[in-house]
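Participant: From the sequence below, what's the structure:
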Amino acid sequence: MLETLLPILIITALALAVIGAWRRIRLWRQGRPSAVPLFKGLAALPRRYLVDLHHVVGRDKVISNTHVATAGGFVAAAVLMILVHGLGLGSSERMGPVLGGLLLLASAIMFVGSLFVAKRRRNPPARLSRGPWMRLPKSLMAFSLSVFLITLPTVGVLPQDAGSWVLALILSAVLVWGLGEMVFGMTWGGPMKHAFAGALHLAFHRRAERFSTKHGGGGRSTGLKALDLDDERAPLGVEKPADFTWNQLLGFDACVQCGRCEAVCPAFAAGQPLNPKKLIQDMVVGLAGGSDAKYAGSPHPSQGLGGKPVGEHHGGPHGPIVAREGTALVDAETLWACTTCRACVEECPMMIEHVDAIVDMRRFLTLERGETPNKAPEVLDNLIATDNPGGFAPGSRMNWAADLNLPLIADLQQVDVLLWLGDGAFDMRNQRTLRALVKVLRAAEVDFAVLGNEERDSGDVARRLGDEATFQSLAKRNIATLAKYRFQQIVTCDPHSFHVLGNEYGELGGPGAPARYDVRHHSTYIAELYDAGRLAFSPWKGGRVTYHDPCYLGRYNGEYEAPRRVLEALGIPLNEMERSGFRSRCCGGGGGAPITDIPGERRIPDMRMNDVKETGAELVAVGCPQCTAMLEGVVDRTAEVRDIAELVADAIVMPSARPRRGERCSPGSRTEEVVS
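Facilitator: Now for the predicted structure:
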């Protein structure tokens with residue numbers, strides 16, 4: 001009886017899965033076109049899954065092993081099941097026992113994996129979605145166990161006619177249960193939807209450069225994509241789900257609702273109205289149409305702040321995501337709460353690009369509606385009028401350095417290093433950092449100069465607030481200015497400028513104005529100077545120190561080691577925070593968050609300073625002016641906040657008589673002294 005039923009069940013499940021896949025693909029294709037190499041992407045899929053995806057999953061060894069056993073066992077069991085029971089190869093005298101034995105092994109491995117899934121679901125952490133996901137362990141067991149039992153006769157463990165028709169019906173019913181979840185449900189909805197959508201998402205990812213190849217490579221692709229402002233037909237941002245590209249919609253559907261993004265999101269932890277997992281599920285609702293009533297995870301933490309509870313958000317592919325009145329998919333405050341720290345993207349095992357989606361939706365609100373909250377309109381107006389967010393007179397950019405006699409590149413035309421000041425030049429606190437950095441560069445006899453009043457804001461804040469037009473205007477004028485001069489490197493103490501200049505100006509450079517620059521963060525450059533023997537330090541005599549990783553230096557650009565090498569060179573033993581490196585907690589200063597100032601239950605910098613307090617450190621070293629401002633703004637902070645440049649300048653052993661540029665240095669004329 002099973003010999004007759006099994007092919008029918010398997011073929012029916014596969015046929016329904018194909019129909020479901022076609023329906024799902026049609027939903028994704030509602031999005032805007034996106035040119036991706038289809039066959040190249042499919043060919044790259046195995047490596048992207050086994051190497052890049054599992055590099056993220058492997059951060060939790062138990063879950064990684066569970067996933068390998070369950071997913072690997074299922075894929076192998078499904079293929080072998082089709083061969084053995086669907087195509088009847090199990091009855092072959094030569095191939096039957098071999099294929100049947102492999103199928104038994106694959107289904108047994110899958111069953112073991114399902115036991116660990118069941119254990120995890122017994123008392124799941126809050127970040128895991130419940131609802132349909134709670135039945136997944138039973139479905140995994142039903143599939144693997146039924147396939148195992150019906151395969152036993154093919155290897156001679158049981159006779160081919162073993163059992164009664166009652167047992168055959170029971171096994172068939174259990175198999176139908178497993179097939180329904182594992183095959184049919186993969187394309188029609190349910191917990192396994194992520195497997196089908198996730199595989200295609202990896203193949204057709206809009207940031208293919210994130211993935212490694214057999215030749216190596218693979219790196220960070222963190223720069224925002226530029227809008228074509230000259231194309232009148234192109235939408236200015238995303239108003240409705242169908243305005244996303246089709247592979248962005250595909251990426252939303254790939255979400256496994258594991259909640260890793262939720263667990264690391266600073267806005268969620270602060271009780272602000274943003275949960276990145278819920279936001280992605282909001283987009284899935286918009287993709288197919290309906291409401292979020294069936295969502296079974298943690299909501300946006302906004303009920304106490306006037307937000308709508310789960311079940312009251314509605315939308316469709318061609319309706320507005322953020323409505324001016326009535327119901328909508330997402331509240332505007334959810335989008336403005338994001339600090340763009342990319343912690344969610346870094347942790348996502350499906351490699352979904354949350355920040356891209358948020359900025360795309362912000363662009364529509366800013367460019368089309370002119371709806372930006374709190375101080376954002378004032379800041380954007382200042383950028384347009386004065387080229388800096390504070391509205392300071394452009395000619396006052398160099399006032400802080402009146403006594404330093406800094407060389408201007410306009411006078412020299414060519415230098416080794418162009419020092420990019422950033423808008424910290426208008427901030428009294430950051431001016432101390434800049435003065436310290438100048439001291440370090442002069443101690444190392446670096447051939448450097450500044451743009452002076454020719455420098456404009458890099459445009460980072462405008463772009464993160466969704467004002468792509470102002471960003472591109474600032475960027476193109478900076479590019480034109482930089483094209484006039486010759487330099488080998490740009491050095492800056494601002495990771496946001498560092499990121500924008502190095503990763504986002506490139507799309508905007510034209511003939512005669514190349515925008516691919518060799519940009520160094522000051523911690524990296526100081527480390528290089530020290531390694532080259534151009535700097536020497538007096539011994540550290542201070543107390544306990546910890547280091548805070550800036551998001552735009554670490555997660556955006558992968559620089560974690562250079563600041564620590566500098567601190568090590570200073571003789572400072574570090575007391576690392578629990579959340580450091582790629583899991584560093586955001587200070588709350590990115591993405592225009594201090595400007596939009598969305599209220600929450602607590603402040604993000606307060607949480608970060610609590611992390612500092614837990615280490616017992618008396619001083620927290622930083623490498624970003626925004627981080628300095630946010631952490632120093634904590635009322636009850638227990639540690640001093642100092643930039644790496646300030647620590648280096650305090651400890652530097654400096655030659656007493658070095659010539660300035662244009663002077664000659666006689667051999668043997670250098671003596672050294674400790675300068676405080």
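
Participant: mind listing what the residue nearest to His67 when sequence neighbours are not counted touches?
Facilitator: Once flanking residues are discounted, His67 sits nearest to Val57: 5.7 Å by C-beta to C-beta, 6 or more residues apart in numbering. Any C-beta I mention is one placed from the backbone N, CA and C, and that applies to glycine too. By C-beta atoms under 8 Å, 6 or more residues apart in numbering, the residues touching Val57 are 63-64, 67, 349.

Participant: can you pick the most crowded of these?
Facilitator: Greatest neighbour count in the contacts of Val57, by other C-beta atoms under 10 Å, goes to Pro349: 24 neighbours.

Participant: quick check, that one in a strand?
Facilitator: No. Assignment of Pro349 by DSSP: H, G, I helix; E, B strand; the rest coil gives coil, placing it outside any strand.

Participant: so who does it touch?
Facilitator: 53, 56-57, 256, 258, 260.

Participant: okay, those residues in JSON lines with secondary structure and pLDDT next?
Facilitator: Listed next are these as JSON lines, based on DSSP: H, G, I helix; E, B strand; the rest coil; pLDDT from 0 to 100:
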{"residue": "Leu53", "secondary structure": "helix", "pLDDT": "92"}
{"residue": "Val56", "secondary structure": "helix", "pLDDT": "93"}
{"residue": "Val57", "secondary structure": "helix", "pLDDT": "92"}
{"residue": "Val256", "secondary structure": "coil", "pLDDT": "95"}
{"residue": "Cys258", "secondary structure": "coil", "pLDDT": "95"}
{"residue": "Arg260", "secondary structure": "helix", "pLDDT": "96"}
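
Participant: which of those count as buried?
Facilitator: The neighbour-count test (16 or more other C-beta atoms under 10 Å) marks 53, 56-57, 256, 258, 260 as buried among these.

Participant: Closest one of these to Gly290?
Facilitator: Ranked by distance to Gly290 (C-beta to C-beta), these are led by Val256 at 20.3 Å.

Participant: okay, and for the stretch 501-650 of the chain, where does confidence drop off?
Facilitator: Within the stretch 501-650 of the chain, the ranges that satisfy pLDDT under 70 run 510-515.

Participant: my bad, the chain
Facilitator: 1-2, 156-168, 216-219, 303-307, 510-515, 654-676.

Participant: Mind jotting down where the helices sit in the stretch 551-676 of the chain?
Facilitator: Along the stretch 551-676 of the chain, counting by DSSP state H, counting those that start in this stretch, helices occupy 561-569, 593-596, 604-615, 625-632, 644-651.

Participant: And the contacts of the longest one?
Facilitator: By that I understand helix 604-615. By C-beta under 8 Å, 6+ apart, the surrounding residues in contact with helix 604-615 are 266-267, 269-270, 339, 544, 546, 548, 575-579, 585-589, 593, 620, 630-631, 633-634, 636-639.

Participant: If you count neighbours, what's buried in that helix?
Facilitator: Buried-residue list, helix 604-615, by 16+ other C-beta under 10 Å: 604-613, 615.

Participant: Show me which of the residues you listed is closest to Gly452.
Facilitator: Pro605 (32.2 Å).

Participant: Once you drop chain neighbours, what's closest to that closest one?
Facilitator: Excluding the flanking residues, the one nearest Pro605 by C-beta to C-beta, 6+ apart is Met630, at 4.2 Å.

Participant: Find the helix or strand that Ile490 is a member of.
Facilitator: Assigned by DSSP states H and E, Ile490 falls within strand 486-492.
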